[in-house]
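Asker: Pasted the sequence and its predicted model underneath.
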Amino acid sequence: MNDPHSTPETSGAGIRFEHVDVTYPNGYRGLKNVNLQIAPGEMVAVVGLSGAGKSTLVRTINGLVPITSGQITVGEFGLHGLRGARLRQLRSEVGMVFQSFNLAKRTTVLNNVLMGRLHHTSAWRTLLAAWKKDDVELAMQALERVEIVQKAYANASELSGGQQQRVAIARALAQKPKVILADEPTASLDPPTSHVVMRDLQRINTELGITVVVNLHFLDLARRYGQRLVGLRSGEIVYDGQGADADESVFESIYGRSLTAEDVLPETTAELS
Amino acid sequence: MSVAGLGASRAGTLRRPSAGGPGTAGGSARPTKPRTGWKSLVALLVVAGITVWSAIAVGVDFGALIENANNASNTLIQLVQPDYSFFPQTVPALVETVQMAIIGTAVSVIIALPISFWASRATNPNSVALGIVRFVMNVVRSVPDLLYASLFVTVIGTGALSGVFALVLFNLGIMVKLISEALDGLDRGGQEASLATGATWFKANRQAMLPEVAPTYISQTIYVLELNIRASTVIGLVGAGGLGMLIDKVRTFYQYHYLSLIIFEILVIIVLLELLSSFARKRLIK
């Protein structure tokens, strides 16, 4: 399926899971026979309880978690057994946003965004921090897109949580990625800021046509921002369909019980548990 | 379930889970407090035993301290009366001590930085290389500074150069230990993110870990400099230059008025350096 908004230079890549199993070294099975097809330019929300395998699923796509059997195809890359330079090449095309932002706190925002250009920067340029002008320009543009460019030379530690997450999104954008993965990007944020970050991801998806896969544990955020919803339970896909169609019975199948008020992210006040 | 999907693959399909939900842990009785008191008692007795055994073996005799008090009092009286007129003659040695400490610190901390990244589990994924560099650094660290100094005095000859070499090796062991342990304790989020962008370990460490460890690195550099002022006076005793050589000379001739001046000078330098380092640390670590 083609996204009508996708621009020719940055278009998304498709992702295909075929009979994917992940067994951790301690014997824990993270994913069980997962089959999933994500079209280029699609925005997919993955929901489920803690430990259901959401993080595992997202982290297999860029090889942070190796798959035990089956195959994942991202664009032209097959993930199974992918190592070394080829793995780094794949990763350079896949941006990632983390729950805890994962910024280097004692350096500038710009230096954090430039991390997204490391793959294309030689070792000696990295060592001497001799960034190419084009890369700095790209990083600045990425910061402009998430509306935080005025903080470019501030230390990352001076920023609020929401601002830090937007810097992390800018870092992913600086990679010129085909896919952006977001692993619980709003779990450390307050409700209004969560919506800002989700809207940023949505905008990136529609304006740039980048495929976005985002883990969420709040069903209402997933319904609102995911065109498509994938429900995981105990490492298996228990729901795959449109967010709008996810009703009470779907919720029960994912969470093992019916929906209560606590499961919905409040719009303004209240803390995240 | 009503479905308004975009295509067959997008239709909402409810798949059956094969496994059940999470089980609930049973039991709500309060546990009894584990008895661990006897372990502390045994440990205390063992430590006390070792201490007494050591004291007997070394022949600790407090009586001797009192018997020789008359001899000591004479020396002590001289020690509290520093001869300030000796100051000009100490200046060259004093300057040499500071110079040795500065050069020794500068050379060692530059070498120590890459080795530290090599010696930390957080920054080196290769466990074989990690094991080798850690073993070598343990050997380097286990040799005392005075032994290094004696070694270099034998090989190179007496003077400040031997002292500098000794200090470099002595510092290297300390710096690599401190910095690699600081790296171990850092938040590795930035590194994980860098690796996820397709960066090599070298680039990820440079971009995400170096800025995080930098304040500790500078702070420990000042600490090592402080340590070196003290160390360079001691290694001078075996002929490795600086104030130590002067101490050795005046001590041989029982010139305790002079000795106390030298000790006073060392005290002043250490206090000044301490002030400088606490000031720098405050500015660095916010």
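Answerer: That came in fine, so what should we check first?
Asker: buried set for the lengthiest helix in chain A?
Answerer: Ordering each helix of chain A by length in residues (DSSP state H) puts helix A:191-208 first. For helix A:191-208, the neighbour count (16 or more other C-beta atoms under 10 Å in any protein chain shown) marks A:191, A:193-198, A:200-202, A:204-206, A:208 as buried. The C-beta positions use only the backbone N, C-alpha and C, and glycine is treated the same way.
Asker: wait, does that helix contact chain B?
Answerer: No. For a cut-off given as C-beta under 8 Å from any C-beta of the partner chain, helix A:191-208 has no contacts with chain B; the smallest distance is 15.7 Å.
Asker: Just the C-alphas of the helix or strand following that helix, formatted as PDB.
Answerer: Note on helix A:191-208: by DSSP states H and E, the next helix or strand toward the C-terminus is strand A:211-216. Output in PDB follows, covering the C-alpha atoms of strand A:211-216 (Å, rounded to 0.1, in the frame of the first residue of the first chain):
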ATOM      1  CA  THR A 211       7.000   3.200   8.400                       C
ATOM      2  CA  VAL A 212       6.400   3.600  12.100                       C
ATOM      3  CA  VAL A 213       6.100   0.700  14.600                       C
ATOM      4  CA  VAL A 214       5.200   1.900  18.100                       C
ATOM      5  CA  ASN A 215       4.800   0.000  21.400                       C
ATOM      6  CA  LEU A 216       2.200   1.400  23.700                       C
END
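Asker: Can you name every helix or strand that strand A:211-216 contacts?
Answerer: Strand A:211-216 makes packing contacts with strand A:43-47, helix A:54-61, strand A:179-182, helix A:191-208, helix A:219-225 when contacts are defined by 3 or more C-beta pairs under 8 Å, 6 or more residues apart in numbering or on different chains; DSSP states H and E.
Asker: possible to save these as a markdown table with mean pLDDT?
Answerer: Below are the helices and strands packed on strand A:211-216 laid out as a markdown table (pLDDT from 0 to 100):
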| stretch | mean pLDDT |
| --- | --- |
| strand A:43-47 | 93 |
| helix A:54-61 | 94 |
| strand A:179-182 | 96 |
| helix A:191-208 | 92 |
| helix A:219-225 | 84 |
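Asker: Make a markdown table out of these and add distance to B:E265.
Answerer: Listed next are the helices and strands packed on strand A:211-216 as a markdown table, based on distance: least, C-beta to C-beta, whole Å:
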| stretch | distance to B:E265 |
| --- | --- |
| strand A:43-47 | 69 |
| helix A:54-61 | 60 |
| strand A:179-182 | 62 |
| helix A:191-208 | 59 |
| helix A:219-225 | 68 |
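Asker: The ones you listed: which one's closest to B:S108?
Answerer: Closest to B:S108 of the helices and strands packed on strand A:211-216 is helix A:54-61 (C-beta to C-beta; 40.4 Å).
Asker: Report the inter-axis angle for the closest one versus strand A:43-47.
Answerer: Between the axes of helix A:54-61 and strand A:43-47, defined by axes from the mean of the first three to the mean of the last three C-alpha atoms, to 10 degrees, the angle is 140 degrees.
Asker: next one: helix A:54-61 to chain centre, how far?
Answerer: 9 Å (C-alpha atoms, centre = their mean, to the nearest Å).
Asker: Pull up the pairing partners for the next helix or strand after that helix, direction included.
Answerer: Next in sequence after helix A:54-61, counting helices and strands by DSSP H and E, comes strand A:69-74. According to DSSP bridges, strand A:69-74 forms sheet pairs with strand A:15-23 (antiparallel), strand A:77-78 (antiparallel).
Asker: any idea how far strand A:69-74 is from the chain center?
Answerer: With C-alpha atoms, centre = their mean, you get 18 Å for strand A:69-74.
Asker: and it, average pLDDT?
Answerer: Average pLDDT, strand A:69-74: 94.
Asker: what residues does it touch?
Answerer: A:13-21, A:33-34, A:60-62, A:78-80, A:90, A:93-94, A:178-179 (C-beta atoms under 8 Å, 6 or more residues apart in numbering or on different chains).
Asker: how about the residues of the stretch 101-250 of chain A that lie near chain B?
Answerer: Neighbours of chain B within the stretch 101-250 of chain A, by C-beta under 8 Å from any C-beta: A:101-107, A:111-112, A:114-116, A:118-119, A:121, A:123, A:126-127, A:168, A:171-172, A:175, A:228, A:233-234, A:236-242, A:244-247, A:249-250.
Asker: Around chain A, pick out the residues from the stretch 101-250 of chain B.
Answerer: B:187, B:189-190, B:192-200, B:202-204, B:206-209, B:211-212, B:214-215.
Asker: follow-up on the earlier one: now, of the strands paired with strand A:69-74, which is deepest in the fold?
Answerer: Mean neighbour count (mean count of other C-beta atoms under 10 Å in any protein chain shown) peaks for strand A:15-23 among the strands paired with strand A:69-74, with a mean of 18.
Asker: Can you list the strands that the helix or strand following it pairs with?
Answerer: Next helix or strand after strand A:15-23 toward the C-terminus (DSSP H and E): strand A:29-38. With DSSP bridges as the test, strand A:29-38 is paired with strand A:15-23 (antiparallel).
Asker: Next, the angle strand A:211-216 makes with the partner strand.
Answerer: Going by the same axes, to 10 degrees, strand A:15-23 makes 40 degrees with strand A:211-216.
Asker: Can you report how many residues lie near B:L45?
Answerer: 10 (other C-beta atoms under 10 Å in any protein chain shown).
Asker: cool, A:S157 as well?
Answerer: 12.
Asker: Could you find the closest non-adjacent residue to it?
Answerer: A:K105 (4.1 Å; C-beta to C-beta, 6 or more residues apart in numbering or on different chains).
Asker: which secondary structure element contains whichever residue of the stretch 101-250 of chain A sits closest to chain B?
Answerer: Going by C-beta to the nearest C-beta, chain B is nearest to A:G241 of the stretch 101-250 of chain A, at 2.5 Å. Using DSSP H and E, A:G241 falls within strand A:236-242.
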